[in-house]
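> Got a predicted model here, sequence first, then my questions.
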Amino acid sequence: MRIRFGFVSQSWSLWEASPAKTLTFTRYQQLSAAEGKEKLLDVTRQNLENTLRTIYYCIAHDIKVFRFSSSIVPLATHPEVRWDFVSEFREEFKEIGDLVKRYGMRSSFHPNQFTLFTSDKKHIAENAVIDMAYHYEMLEAMGLEKEGTINIHVGGAYGNKELAVERFYENIKLLPEHILKRMTLENDDKTYTTEETLVLCEKLGIPLAFDYHHEFANPSATPWEELLPRVYATWDKIGIIPKIHISSPISEKKLRHHADYVDLAFVLEFIKVVAGLGKDVDFMIEAKRKDDAALQLVEDVAAIRGVKRIGGAAVEW
C-alpha cells in the first residue's frame, strides 16, 4: 500500500508566500469605491500568485496532496461586499487548476469553524451555505469541482447534541446538491467523536476525513481500529482514496495544540494499523511547520524497515 503526504496552504520554506493576506471590512470602508475595488484586486492577486508559487513548490518536491487557503479572496462572503472575483481572475484560477490536474495533485479546502449547520440561528446556517458556495466557486474556477473536496466539522452541541444533530440534518438540505457532493466531514477534538461523525457521513453519503490527533483527544466509544474500515468505505462513493489528517500534540498539557513537527512515536501505531488495511491512503499533515513537517515525516517513515520511499512525499509499505 502507498501513503502520500501533503500539507496545508503555505510553504514554510518559501519567502513571503502567504496565500491569505487580508483586507478587513473596517479598512475597506475607509476607502473610496475605486480604492476599495483596487485593494480587493491587489490582495487577491497577491494571494493567487503565492498560491501558484506554492503549487510549483509542491511540483518541485513531488508533493501530491495539498489544501488551498480559504482566505484567497478577501471579503468574498461579506454581505456588504460580495464581489465577482471569478471574472476578475479567471485566468489565474485556471492556471492553478491546470497545474494541479497536470501533475496529478489532490486538492481540498477547509472552511473555518464558523461554517456550521448545527446552530439554532437561521442566519448562521445561511451564512454557512454562502461560505461553502464561495469555496465551490474557487474549485469551479480552477476546474477542480469534480475532484476537489470541501471539509468542515459538524459544529457545536449547544447543550443538546441530539437536537444539534437534528438541526444538522435539516440545515444541510440548504446546500445545493453539487456542493454537497464535494463536502467531507471531520471528527473534532472536543465535541463530535469519530463514531458520531461517521454515523452522519454514512446516512448522508459524505466521506469522513478522519483526524487521528482529534480521535486521540476526543475518543469514540468504539476503538478507532474498528472504525477505520467504515471510514474508508465512506470514500468509495466519490471514488477517491481516503484522506487522513495527521498531527501530534505539543505536550500532555497542550494535548489539542499541534506541534511544529509530527512525532513518529505518536503516530507509529496508527500508521501500522493503516498499513495493515492494505489500501492506499493520503495523509494531510497539519503540523505548524507545514511542508517541513510533511517532508520530515516522509523521511522518518521511510526509515522504517520494510518501507520504501517512492517519491518526494510518498512511501510504499
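Structure's in. What do you need?
> now the strands: where do they sit in the stretch 201-317 of the chain?
210-211, 243-246, 281-285, 308-311, 314-316 (DSSP state E, counting those that start in this stretch).
> which of these sits most buried?
strand 210-211 (a mean of 26; mean count of other CB atoms under 10 Å). C-betas here are computed from N, CA, C, even on glycine.
> one step back: residue 75: which of the strands of the stretch 201-317 of the chain is closest?
With CB to CB as the criterion, residue 75 lies closest to strand 281-285 of those, at 27.2 Å.
> So which elements touch that closest one?
strand 2-8, strand 65-67, strand 243-246, helix 290-302 (3 or more CB pairs under 8 Å, 6 or more residues apart in numbering; DSSP states H and E).
> returning to what we had before: now the strands of the stretch 201-317 of the chain as TSV including distance to residue 73?
Shown next, in TSV, are the strands of the stretch 201-317 of the chain (distance: least, CB to CB, whole Å):
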stretch	distance to residue 73
strand 210-211	26
strand 243-246	24
strand 281-285	22
strand 308-311	32
strand 314-316	31
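> ok, residue 152 - contacts?
110-111, 115-116, 128, 132, 183-186 (CB atoms under 8 Å, 6 or more residues apart in numbering).
> Could you single out the nearest of the residues you listed to residue 289?
Residue 289 lies nearest to residue 110 out of the contacts of residue 152, by CB to CB, at 17.9 Å.
> if I pick the closest one, what's in contact with it?
The contact partners of residue 110, by CB under 8 Å, 6+ apart, come to 8, 67, 70, 150-152.
> same check, this time on residue 222
Residue 222 neighbours (CB under 8 Å, 6+ apart): residue 195.
> how close does it sit to residue 178?
For residue 222, the distance to residue 178 equals 33 Å [CB to CB, to the nearest Å].
> Next: residue 225.
Taken as CB to CB, the span from residue 225 to residue 178 is 35 Å.
> Repeat that for residue 157.
29 Å.
> Does anything pack onto the helix or strand hosting residue 129? Which helices or strands?
Element membership for residue 129 (DSSP states H and E) is helix 122-141. If you count contacts as 3+ CB pairs under 8 Å, 6+ apart, helix 122-141 packs onto helix 85-88, helix 90-102, strand 106-109, strand 149-153, helix 161-171, helix 177-180.
> 10 Å instead, please
Packing contacts for helix 122-141, counted by 3 or more CB pairs under 10 Å, 6 or more residues apart in numbering; DSSP states H and E, involve helix 85-88, helix 90-102, strand 106-109, strand 149-153, helix 161-171, helix 177-180, strand 183-186.
> Show me what counts as buried in that helix.
Neighbour counts over helix 122-141 (16 or more other CB atoms under 10 Å) mark 124-125, 127-129, 131-141 as buried.
> and it with helix 161-171, angle?
50 degrees (axes from the mean of the first three to the mean of the last three CA atoms, to 10 degrees).
> so how far is helix 122-141 off the chain centroid?
Its chain's average C-alpha position is 15 Å from that of helix 122-141, according to CA atoms, centre = their mean, to the nearest Å.
> thinking again about what came up before, of residue 157 and residue 178, which one has the most company?
Neighbour totals were compared for residue 157 and residue 178, and residue 157 leads with 16 against 12 (other CB atoms under 10 Å).
> residues touching the more buried one, list them.
118, 163-165, 190-192, 196 (CB atoms under 10 Å, 6 or more residues apart in numbering).
> Neighbour-wise, which one of the residues you listed leads?
Highest neighbour count within the contacts of residue 157: residue 192, with 28 neighbours (other CB under 10 Å).
> Read off the pLDDT value for the spatially closest residue to it that is not a sequence neighbour.
The spatial neighbour of residue 192 that comes closest, neighbours along the chain excluded (CB to CB, 6 or more residues apart in numbering), is residue 154 at 4.3 Å. Residue 154 is assigned a predicted lDDT (pLDDT) of 97.
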